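K.L.:
coords please:
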Amino acid sequence: MSRDIFSVLKRPILTEKSLIMKEKGNRYSFEVAKESTKSDVRTAVEKLFKVKVTKVCTMIVGGKLHRMGRFAGYRSDWKKAVVTLAEGQKIDTTPAA
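P.N.:
Just a heads-up that it's a prediction; the model follows:
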């Protein structure tokens, strides 16, 4: 692996859509480092959570327009990975309170 596994995964994405994907399709969403590859993400998830990954889809999410009064700019682009696990495996991504 070309990267450290702790620098590949930044955080889980906990939106309404990602929680539905988690329940119905056993798919989990993560924000990942922009320079990471699919194989980097697969290895990091398998080593950190001790699960079997069957599929990894990555995408670049474009930054949104951000305004403060008359000044406007764009937020940075970021990379998202959707990881599909083998049947019967789970990851606990709920935030610790």
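K.L.:
and the helix ranked longest in the chain, what's buried?
P.N.:
For the chain, the helix that runs over the most residues, judged by DSSP state H, is helix 38-49. By neighbour count on 16 or more other C-beta atoms under 10 Å, the buried set for helix 38-49 is 40-45, 49. For the C-beta atoms, the positions are set from N, CA and C on the backbone; glycine is no exception.
K.L.:
what helix or strand does the residue sitting nearest the centre point of the chain sit in?
P.N.:
Residue closest to the mean C-alpha point of the chain, counted by C-alpha atoms, centre = their mean, is Phe30 at 1.3 Å. Taking DSSP states H and E as the criterion, Phe30 maps to strand 27-32.
K.L.:
which strands and helices sit next to that strand?
P.N.:
If you count contacts as 3 or more C-beta pairs under 8 Å, 6 or more residues apart in numbering; DSSP states H and E, strand 27-32 packs onto strand 9-12, helix 16-25, helix 38-49, strand 78-85.
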